[in-house]
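Enquirer: this one's structure only:
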């Protein structure tokens with residue numbers, strides 16, 4: 001047997017054992033924290049970070065989500081334009097509501113304005129779809145994992161992607177049926193923004209202590225927040241197939 005095979009075989013076996021026996025959320029969280037502490041945050045989270053079964057579960061989630069989105073955007077033109085108008089009105093109402101909120105309530109304001117932006121974005125996509133231009137770029141949210149049926153368990157998410165990547169973006173190539181998840185492992189979004197920013201401001205020892213606490217005995221939902229922001233964020237590039 002060639003030397004490279006003698007070396008790679010036990011390493012592959014060790015990696016398979018690691019992936020099959022350590023929770024996906026803890027693996028990605030721990031590896032990303034290590035990257036942040038060693039200045040390697042330019043090394044992305046890729047397909048190699050997951051087992052074949054975990055990737056298959058992600059394929060299934062994205063495939064179902066994409067099918068739902070296509071059903072939404074392939075409705076009759078009249079329905080698309082009416083839906084777009086409803087969302088534009090909802091965005092205006094959110095922005096109007098934001099004007100009544102005390103400016104010191106920054107977290108509440110961020111959530112409201114975030115809703116307005118989301119409604120406006122979808123409205124524009126619906127108008128484009130009415131003209132025959134279907135979107136190829138999508139955002140996967142916590143609601144897309146199905147109903148929560150237990151602590152950090154969702155009925156459409158048996159492998160735990162909700163607490164591994166949480167929300168993420170993906171783009172699709174309709175011609176090939178391939179997709180690519182692209183994002184940053186930071187969870188600095190409207191739902192977890194302030195926790196992430198507070199965590200990023202901690203000293204390295206305090207951040208490490210809190211990370212270990214959250215990973216081992218804390219609320220495991222914290223793994224879905226990542227608590228990595230700014231220079232500590234790790235890029236995500238995962239590729240898959242819809243068919």
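Expert: Ah, there it is. Quick caveat, the model's predicted, so the values are computed rather than measured. Numbers count the residues shown, from 1 in each chain.
Enquirer: gap between the longest helix that the chain contains and the chain center?
Expert: Ranked by residue count and defined by DSSP state H, the top helix of the chain is helix 106-130. Distance of helix 106-130 from the chain centroid (CA atoms, centre = their mean, to the nearest Å) equals 18 Å.
Enquirer: tell me what it is packed against?
Expert: helix 52-73, helix 77-98, helix 193-200 (3 or more CB pairs under 8 Å, 6 or more residues apart in numbering; DSSP states H and E). For glycine as for every other residue, the C-beta is placed from the backbone atoms N, C-alpha and C.
Enquirer: between that helix and helix 77-98, how many degrees?
Expert: Interaxial angle, helix 106-130 versus helix 77-98 (axes from the mean of the first three to the mean of the last three CA atoms, to 10 degrees): 160 degrees.
Enquirer: quick revisit: just send the helices and strands packed on helix 106-130 back as a markdown table, with mean neighbour count and mean pLDDT too.
Expert: Output for the helices and strands packed on helix 106-130, formatted as a markdown table (neighbours: other CB atoms under 10 Å; pLDDT from 0 to 100):
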| stretch | mean neighbour count | mean pLDDT |
| --- | --- | --- |
| helix 52-73 | 16 | 95 |
| helix 77-98 | 16 | 96 |
| helix 193-200 | 17 | 69 |
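Enquirer: closest one to residue 24 among these?
Expert: helix 52-73 (5.6 Å; CB to CB).
Enquirer: for the closest one, name the packing helices and strands.
Expert: Using 3+ CB pairs under 8 Å, 6+ apart as the test, helix 52-73 ends up in contact with helix 106-130, strand 137-140, strand 178-185, strand 234-241.
Enquirer: just want the angle from that helix to strand 234-241.
Expert: Using the same axes, to 10 degrees: helix 52-73 against strand 234-241 is 80 degrees.
Enquirer: give me the distance from helix 52-73 to the chain's centre.
Expert: The answer for helix 52-73 is 13 Å, by CA atoms, centre = their mean.
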